[in-house]
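Peer 1: here is a sequence together with a model predicted from it:
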Amino acid sequence: MRDLCRLIGWTVVDLIRSRAALEAEIWTLRQQINVLRRAVPKKSSFSAIDRMIFVGLYRLFPSVCDALAIVKPDTIVRWHRAGFRFYWRWKSRRRGGRSIVPLEIRRLIREMSISNPLWGAPRIHGELLKLGIDIGQTSVAKYMARRRGPPSQGWKTFLHNHADGIAAMDLFVVPTISFRLLYGLLIMRHGRRQILWFGVTAHPTAEWIANQITQACGWEQAPYYLIRDRDAAYGEIFIRRLRSMGIRDRPTSPRSPWQNGYAERLIGSIRRECVDHIIVLGERHLRHVLLSYLKYYNEVRTHLSLEKDAPVPRAVAAFGHILCRPVLGGLHHQYVRI
(Lines give C-alpha, C1' and ligand atoms only; values in the text may rest on other atoms or scores of the structure.)
Protein backbone atom coordinates (compact mmCIF):
# COMPACT_ATOMS: atom_id res chain seq x y z
CA MET A 1 0.00 0.00 0.00
CA ARG A 2 2.94 2.30 0.72
CA ASP A 3 4.23 1.72 -2.82
CA LEU A 4 0.84 2.71 -4.25
CA CYS A 5 0.76 5.96 -2.27
CA ARG A 6 4.30 6.74 -3.30
CA LEU A 7 3.40 6.14 -6.95
CA ILE A 8 0.42 8.46 -6.74
CA GLY A 9 2.54 11.16 -5.08
CA TRP A 10 5.22 11.03 -7.77
CA THR A 11 2.49 11.13 -10.44
CA VAL A 12 1.20 14.41 -9.03
CA VAL A 13 4.75 15.82 -8.88
CA ASP A 14 5.39 14.80 -12.51
CA LEU A 15 2.46 16.92 -13.63
CA ILE A 16 4.31 20.15 -12.75
CA ARG A 17 7.78 19.16 -13.96
CA SER A 18 9.26 20.08 -17.31
CA ARG A 19 9.39 17.65 -20.21
CA ALA A 20 13.22 17.62 -20.28
CA ALA A 21 13.38 16.65 -16.61
CA LEU A 22 10.85 13.86 -17.21
CA GLU A 23 12.82 12.49 -20.14
CA ALA A 24 16.04 12.52 -18.13
CA GLU A 25 14.35 10.68 -15.26
CA ILE A 26 12.89 8.07 -17.66
CA TRP A 27 16.35 7.39 -19.11
CA THR A 28 17.77 7.05 -15.62
CA LEU A 29 15.04 4.64 -14.56
CA ARG A 30 15.53 2.53 -17.67
CA GLN A 31 19.24 2.26 -17.03
CA GLN A 32 18.58 1.22 -13.43
CA ILE A 33 16.17 -1.46 -14.71
CA ASN A 34 18.87 -2.80 -17.03
CA VAL A 35 21.29 -3.02 -14.12
CA LEU A 36 18.73 -4.74 -11.91
CA ARG A 37 17.87 -7.25 -14.63
CA ARG A 38 21.50 -8.38 -14.69
CA ALA A 39 21.62 -8.70 -10.89
CA VAL A 40 18.25 -10.20 -9.87
CA PRO A 41 16.86 -13.64 -10.89
CA LYS A 42 14.88 -13.96 -14.09
CA LYS A 43 11.65 -14.80 -12.28
CA SER A 44 10.34 -12.02 -10.03
CA SER A 45 7.52 -12.13 -7.51
CA PHE A 46 4.66 -9.62 -7.67
CA SER A 47 2.17 -8.71 -4.97
CA ALA A 48 -1.52 -8.09 -5.60
CA ILE A 49 -0.93 -4.30 -5.52
CA ASP A 50 1.81 -4.62 -8.14
CA ARG A 51 -0.45 -6.59 -10.42
CA MET A 52 -3.29 -4.11 -9.95
CA ILE A 53 -1.01 -1.19 -10.85
CA PHE A 54 0.25 -2.90 -14.01
CA VAL A 55 -3.25 -3.88 -15.08
CA GLY A 56 -4.60 -0.37 -14.40
CA LEU A 57 -1.87 1.28 -16.45
CA TYR A 58 -2.47 -1.22 -19.25
CA ARG A 59 -6.20 -0.42 -19.28
CA LEU A 60 -5.57 3.35 -19.31
CA PHE A 61 -2.60 3.38 -21.69
CA PRO A 62 -2.26 0.16 -23.73
CA SER A 63 0.95 1.48 -25.27
CA VAL A 64 2.83 1.01 -21.97
CA CYS A 65 3.37 -2.63 -23.00
CA ASP A 66 6.30 -1.37 -25.07
CA ALA A 67 8.04 -0.15 -21.87
CA LEU A 68 7.70 -3.45 -19.95
CA ALA A 69 11.00 -4.97 -18.99
CA ILE A 70 10.58 -7.21 -15.94
CA VAL A 71 7.30 -8.78 -17.04
CA LYS A 72 5.92 -9.87 -20.40
CA PRO A 73 2.85 -8.24 -21.98
CA ASP A 74 1.07 -11.63 -22.11
CA THR A 75 1.40 -11.85 -18.35
CA ILE A 76 -0.32 -8.48 -17.91
CA VAL A 77 -3.18 -9.60 -20.16
CA ARG A 78 -3.51 -12.86 -18.19
CA TRP A 79 -3.69 -10.92 -14.92
CA HIS A 80 -6.40 -8.71 -16.39
CA ARG A 81 -8.51 -11.72 -17.45
CA ALA A 82 -8.10 -13.30 -14.02
CA GLY A 83 -9.26 -10.05 -12.42
CA PHE A 84 -12.25 -9.96 -14.78
CA ARG A 85 -13.29 -13.48 -13.77
CA PHE A 86 -12.82 -12.69 -10.10
CA TYR A 87 -14.98 -9.56 -10.42
CA TRP A 88 -17.90 -11.34 -12.04
CA ARG A 89 -17.60 -14.25 -9.64
CA TRP A 90 -17.94 -11.76 -6.84
CA LYS A 91 -20.79 -10.03 -8.67
CA SER A 92 -22.67 -13.33 -9.11
CA ARG A 93 -22.20 -14.56 -5.57
CA ARG A 94 -25.20 -15.95 -3.73
CA ARG A 95 -26.98 -13.36 -1.60
CA GLY A 96 -29.41 -15.63 0.27
CA GLY A 97 -32.87 -16.48 -1.14
CA ARG A 98 -34.39 -19.89 -1.64
CA SER A 99 -32.53 -23.03 -0.67
CA ILE A 100 -31.21 -25.33 -3.37
CA VAL A 101 -33.62 -28.18 -4.26
CA PRO A 102 -31.87 -31.54 -3.69
CA LEU A 103 -31.07 -33.66 -6.73
CA GLU A 104 -33.34 -36.52 -5.63
CA ILE A 105 -36.38 -34.23 -5.46
CA ARG A 106 -35.58 -32.73 -8.87
CA ARG A 107 -35.42 -36.20 -10.39
CA LEU A 108 -38.70 -37.14 -8.69
CA ILE A 109 -40.43 -34.05 -10.13
CA ARG A 110 -39.16 -34.87 -13.61
CA GLU A 111 -40.23 -38.51 -13.37
CA MET A 112 -43.70 -37.53 -12.13
CA SER A 113 -44.17 -35.04 -14.97
CA ILE A 114 -43.07 -37.62 -17.59
CA SER A 115 -45.18 -40.46 -16.18
CA ASN A 116 -48.27 -38.25 -15.82
CA PRO A 117 -48.53 -36.00 -18.89
CA LEU A 118 -51.94 -34.73 -17.80
CA TRP A 119 -50.59 -33.35 -14.53
CA GLY A 120 -49.54 -29.75 -14.16
CA ALA A 121 -47.40 -28.04 -11.54
CA PRO A 122 -50.27 -27.67 -8.98
CA ARG A 123 -51.10 -31.38 -9.19
CA ILE A 124 -47.48 -32.49 -8.79
CA HIS A 125 -46.99 -29.95 -6.00
CA GLY A 126 -49.95 -31.44 -4.13
CA GLU A 127 -48.53 -34.95 -4.45
CA LEU A 128 -45.17 -33.79 -3.11
CA LEU A 129 -46.83 -32.16 -0.12
CA LYS A 130 -48.58 -35.44 0.65
CA LEU A 131 -45.19 -37.15 0.51
CA GLY A 132 -43.82 -34.75 3.12
CA ILE A 133 -41.70 -32.76 0.65
CA ASP A 134 -41.98 -29.04 1.37
CA ILE A 135 -41.23 -27.21 -1.87
CA GLY A 136 -42.72 -24.23 -3.70
CA GLN A 137 -45.00 -24.63 -6.69
CA THR A 138 -42.82 -22.35 -8.83
CA SER A 139 -39.86 -24.65 -8.14
CA VAL A 140 -41.96 -27.62 -9.25
CA ALA A 141 -42.79 -25.84 -12.52
CA LYS A 142 -39.10 -25.05 -13.01
CA TYR A 143 -37.94 -28.67 -12.81
CA MET A 144 -40.80 -30.31 -14.74
CA ALA A 145 -40.00 -31.94 -18.06
CA ARG A 146 -40.70 -29.61 -20.96
CA ARG A 147 -43.19 -30.87 -23.56
CA ARG A 148 -43.18 -29.80 -27.18
CA GLY A 149 -46.85 -30.48 -27.80
CA PRO A 150 -50.06 -30.60 -25.76
CA PRO A 151 -50.22 -33.28 -23.03
CA SER A 152 -51.62 -36.51 -24.42
CA GLN A 153 -51.40 -40.21 -23.68
CA GLY A 154 -49.35 -42.40 -25.96
CA TRP A 155 -50.66 -45.26 -28.09
CA LYS A 156 -49.40 -47.78 -25.56
CA THR A 157 -51.46 -46.17 -22.79
CA PHE A 158 -54.49 -45.83 -25.10
CA LEU A 159 -54.42 -49.51 -26.05
CA HIS A 160 -53.91 -50.53 -22.43
CA ASN A 161 -56.97 -48.51 -21.37
CA HIS A 162 -59.14 -50.15 -24.06
CA ALA A 163 -57.62 -53.65 -23.98
CA ASP A 164 -60.59 -55.25 -22.17
CA GLY A 165 -62.89 -54.35 -25.05
CA ILE A 166 -60.61 -55.53 -27.88
CA ALA A 167 -60.48 -59.04 -29.33
CA ALA A 168 -58.32 -60.41 -32.12
CA MET A 169 -58.64 -63.35 -34.47
CA ASP A 170 -56.50 -65.04 -37.08
CA LEU A 171 -56.19 -68.23 -39.11
CA PHE A 172 -53.15 -70.50 -39.11
CA VAL A 173 -52.31 -73.65 -41.07
CA VAL A 174 -51.30 -77.03 -39.58
CA PRO A 175 -50.22 -79.98 -41.80
CA THR A 176 -51.39 -83.50 -40.94
CA ILE A 177 -49.73 -86.92 -41.24
CA SER A 178 -51.47 -87.45 -44.60
CA PHE A 179 -50.13 -84.11 -45.94
CA ARG A 180 -53.51 -82.44 -45.74
CA LEU A 181 -53.82 -78.87 -44.51
CA LEU A 182 -56.07 -78.00 -41.60
CA TYR A 183 -56.96 -74.46 -40.62
CA GLY A 184 -57.06 -73.36 -37.03
CA LEU A 185 -59.03 -70.28 -35.98
CA LEU A 186 -57.74 -68.37 -32.99
CA ILE A 187 -59.84 -65.85 -31.03
CA MET A 188 -58.28 -64.04 -28.07
CA ARG A 189 -58.90 -61.02 -25.84
CA HIS A 190 -56.29 -58.33 -25.44
CA GLY A 191 -57.02 -57.62 -21.77
CA ARG A 192 -55.14 -60.56 -20.22
CA ARG A 193 -54.08 -62.34 -23.43
CA GLN A 194 -56.73 -64.97 -22.77
CA ILE A 195 -57.62 -67.46 -25.52
CA LEU A 196 -61.38 -67.54 -26.04
CA TRP A 197 -61.73 -70.12 -28.77
CA PHE A 198 -59.98 -72.58 -31.03
CA GLY A 199 -61.75 -73.76 -34.18
CA VAL A 200 -60.48 -76.39 -36.62
CA THR A 201 -61.69 -77.05 -40.14
CA ALA A 202 -60.41 -78.12 -43.53
CA HIS A 203 -62.53 -75.55 -45.42
CA PRO A 204 -62.82 -72.17 -43.64
CA THR A 205 -65.84 -70.32 -45.01
CA ALA A 206 -67.42 -67.04 -43.97
CA GLU A 207 -70.43 -68.87 -42.52
CA TRP A 208 -68.22 -71.21 -40.47
CA ILE A 209 -66.16 -68.30 -39.10
CA ALA A 210 -69.36 -66.42 -38.23
CA ASN A 211 -70.60 -69.42 -36.23
CA GLN A 212 -67.23 -69.67 -34.45
CA ILE A 213 -67.29 -66.02 -33.34
CA THR A 214 -70.84 -66.51 -32.03
CA GLN A 215 -69.87 -69.60 -30.01
CA ALA A 216 -66.69 -67.96 -28.69
CA CYS A 217 -68.08 -64.61 -27.53
CA GLY A 218 -71.84 -65.13 -27.31
CA TRP A 219 -74.38 -62.41 -27.77
CA GLU A 220 -73.98 -60.98 -24.25
CA GLN A 221 -70.16 -60.85 -23.89
CA ALA A 222 -69.17 -59.67 -27.34
CA PRO A 223 -66.13 -57.34 -27.50
CA TYR A 224 -66.41 -53.75 -28.70
CA TYR A 225 -63.71 -54.11 -31.36
CA LEU A 226 -62.42 -57.08 -33.35
CA ILE A 227 -59.01 -56.93 -35.06
CA ARG A 228 -58.44 -59.21 -38.05
CA ASP A 229 -56.52 -59.34 -41.30
CA ARG A 230 -58.01 -59.01 -44.78
CA ASP A 231 -58.20 -62.71 -45.61
CA ALA A 232 -60.78 -63.56 -48.28
CA ALA A 233 -62.36 -66.09 -45.90
CA TYR A 234 -63.93 -63.23 -43.93
CA GLY A 235 -66.84 -62.73 -46.31
CA GLU A 236 -70.09 -60.80 -46.24
CA ILE A 237 -71.85 -63.29 -43.96
CA PHE A 238 -69.14 -62.86 -41.33
CA ILE A 239 -69.29 -59.05 -41.54
CA ARG A 240 -73.09 -59.04 -41.13
CA ARG A 241 -72.76 -61.31 -38.09
CA LEU A 242 -70.36 -58.85 -36.46
CA ARG A 243 -72.76 -55.97 -37.06
CA SER A 244 -75.69 -57.90 -35.61
CA MET A 245 -73.64 -58.67 -32.48
CA GLY A 246 -72.66 -55.01 -32.05
CA ILE A 247 -68.96 -55.65 -32.74
CA ARG A 248 -67.00 -53.00 -34.61
CA ASP A 249 -64.92 -54.61 -37.33
CA ARG A 250 -61.34 -53.32 -37.53
CA PRO A 251 -59.41 -55.03 -40.37
CA THR A 252 -55.68 -54.31 -40.53
CA SER A 253 -53.94 -52.62 -43.41
CA PRO A 254 -52.79 -54.83 -46.31
CA ARG A 255 -49.49 -56.63 -45.62
CA SER A 256 -49.32 -55.28 -42.06
CA PRO A 257 -49.29 -58.27 -39.69
CA TRP A 258 -47.72 -56.12 -36.98
CA GLN A 259 -51.09 -54.36 -36.56
CA ASN A 260 -52.45 -57.65 -35.18
CA GLY A 261 -49.30 -58.35 -33.19
CA TYR A 262 -50.90 -60.08 -30.18
CA ALA A 263 -52.55 -62.74 -32.33
CA GLU A 264 -49.45 -63.20 -34.48
CA ARG A 265 -47.28 -63.65 -31.41
CA LEU A 266 -49.72 -66.16 -29.91
CA ILE A 267 -49.72 -68.19 -33.13
CA GLY A 268 -45.93 -68.27 -32.94
CA SER A 269 -46.15 -69.57 -29.36
CA ILE A 270 -48.62 -72.25 -30.43
CA ARG A 271 -46.22 -73.44 -33.12
CA ARG A 272 -43.09 -73.35 -30.95
CA GLU A 273 -44.68 -74.87 -27.85
CA CYS A 274 -47.20 -77.28 -29.31
CA VAL A 275 -47.88 -78.22 -32.95
CA ASP A 276 -44.23 -78.20 -34.08
CA HIS A 277 -43.60 -81.10 -31.67
CA ILE A 278 -46.69 -83.17 -32.53
CA ILE A 279 -47.69 -85.14 -35.64
CA VAL A 280 -51.34 -84.27 -36.22
CA LEU A 281 -53.43 -87.28 -37.24
CA GLY A 282 -56.58 -85.47 -38.26
CA GLU A 283 -59.10 -82.76 -37.51
CA ARG A 284 -60.36 -84.36 -34.32
CA HIS A 285 -56.83 -84.88 -33.04
CA LEU A 286 -55.82 -81.28 -33.74
CA ARG A 287 -58.92 -79.96 -31.97
CA HIS A 288 -58.11 -82.06 -28.91
CA VAL A 289 -54.47 -80.84 -28.89
CA LEU A 290 -55.46 -77.18 -29.25
CA LEU A 291 -58.08 -77.41 -26.48
CA SER A 292 -55.46 -78.96 -24.18
CA TYR A 293 -53.07 -76.16 -25.01
CA LEU A 294 -55.85 -73.60 -24.43
CA LYS A 295 -56.35 -74.87 -20.89
CA TYR A 296 -52.60 -74.91 -20.25
CA TYR A 297 -52.11 -71.42 -21.74
CA ASN A 298 -54.98 -69.77 -19.85
CA GLU A 299 -54.60 -71.43 -16.45
CA VAL A 300 -50.95 -72.48 -16.08
CA ARG A 301 -48.52 -70.67 -18.38
CA THR A 302 -47.06 -67.46 -16.93
CA HIS A 303 -46.59 -64.32 -19.03
CA LEU A 304 -44.08 -61.49 -18.83
CA SER A 305 -46.72 -58.91 -19.79
CA LEU A 306 -48.92 -60.05 -16.88
CA GLU A 307 -46.13 -59.75 -14.28
CA LYS A 308 -45.42 -63.50 -14.36
CA ASP A 309 -49.08 -64.47 -13.91
CA ALA A 310 -51.42 -66.56 -16.06
CA PRO A 311 -54.37 -65.08 -18.04
CA VAL A 312 -56.64 -66.71 -15.46
CA PRO A 313 -54.91 -65.49 -12.26
CA ARG A 314 -53.14 -68.21 -10.26
CA ALA A 315 -52.99 -68.06 -6.49
CA VAL A 316 -49.58 -68.31 -4.84
CA ALA A 317 -49.19 -71.57 -2.92
CA ALA A 318 -46.31 -71.34 -0.43
CA PHE A 319 -46.98 -74.45 1.67
CA GLY A 320 -47.34 -78.12 0.87
CA HIS A 321 -45.61 -80.80 -1.14
CA ILE A 322 -44.77 -79.92 -4.77
CA LEU A 323 -46.43 -82.18 -7.33
CA CYS A 324 -45.58 -82.29 -11.05
CA ARG A 325 -48.40 -82.91 -13.53
CA PRO A 326 -47.66 -83.55 -17.23
CA VAL A 327 -49.43 -81.43 -19.83
CA LEU A 328 -49.82 -82.34 -23.53
CA GLY A 329 -48.36 -85.78 -22.98
CA GLY A 330 -45.34 -84.50 -21.07
CA LEU A 331 -44.44 -81.72 -23.51
CA HIS A 332 -45.03 -79.27 -20.63
CA HIS A 333 -45.59 -79.69 -16.91
CA GLN A 334 -47.66 -78.02 -14.23
CA TYR A 335 -46.30 -77.68 -10.70
CA VAL A 336 -48.76 -77.45 -7.81
CA ARG A 337 -48.68 -77.86 -4.05
CA ILE A 338 -50.89 -80.37 -2.27
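Peer 2: Nice, thanks for sending it over. Numbers count the residues shown, from 1 in each chain.

Peer 1: how many other residues sit next to residue 86?
Peer 2: 10 (other C-beta atoms under 10 Å). (Each C-beta comes from the backbone N, C-alpha and C, glycine too.)

Peer 1: for it, give its distance to residue 56.
Peer 2: The gap separating residue 86 from residue 56 is 15 Å, by C-beta to C-beta, to the nearest Å.

Peer 1: and residue 216, by the same measure?
Peer 2: 93 Å.

Peer 1: which SS state does residue 233 fall under?
Peer 2: Following DSSP: H, G, I helix; E, B strand; the rest coil, residue 233 is assigned to coil.

Peer 1: so it makes contact with residue 209?
Peer 2: Yes: the criterion here is C-beta atoms under 8 Å, and residue 233 meets it with residue 209 at 6.3 Å.

Peer 1: which residues of the chain fall in strands?
Peer 2: Under the criterion DSSP state E, the chain contains strands at 166-175, 181-189, 195-201, 225-228, 248-251, 322-327, 332-337.

Peer 1: what about residue 275, neighbour count?
Peer 2: The number of residues packed near residue 275 is 21, by other C-beta under 10 Å.

Peer 1: re earlier: of the strands of the chain, which is nearest residue 258?
Peer 2: Smallest distance to residue 258 across those (C-beta to C-beta): 11.6 Å, for strand 225-228.

Peer 1: partners of that closest one, with directions?
Peer 2: The strands beside strand 225-228 in its sheet (DSSP bridges) come out as strand 166-175 (parallel), strand 248-251 (parallel).

Peer 1: what would those look like in TSV with mean pLDDT, mean neighbour count and distance to residue 237?
Peer 2: Listed next are the strands paired with strand 225-228 as TSV, based on pLDDT from 0 to 100; neighbours: other C-beta atoms under 10 Å; distance: least, C-beta to C-beta, whole Å:
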stretch	mean pLDDT	mean neighbour count	distance to residue 237
strand 166-175	95	20	15
strand 248-251	93	14	13
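
Peer 1: residue 216 and residue 56: who's more crowded?
Peer 2: Remark: of residue 216 and residue 56, residue 216 carries more neighbours, 22 against 12, as counted by other C-beta under 10 Å.

Peer 1: grab the nearest non-local neighbour of the spatially most central residue of the chain.
Peer 2: Geometric centre of the chain, nearest residue: residue 114, 8.8 Å, by C-alpha atoms, centre = their mean. Distances taken as C-beta to C-beta, 6 or more residues apart in numbering put residue 145 closest to residue 114, at 5.0 Å, once the chain neighbours are dropped.
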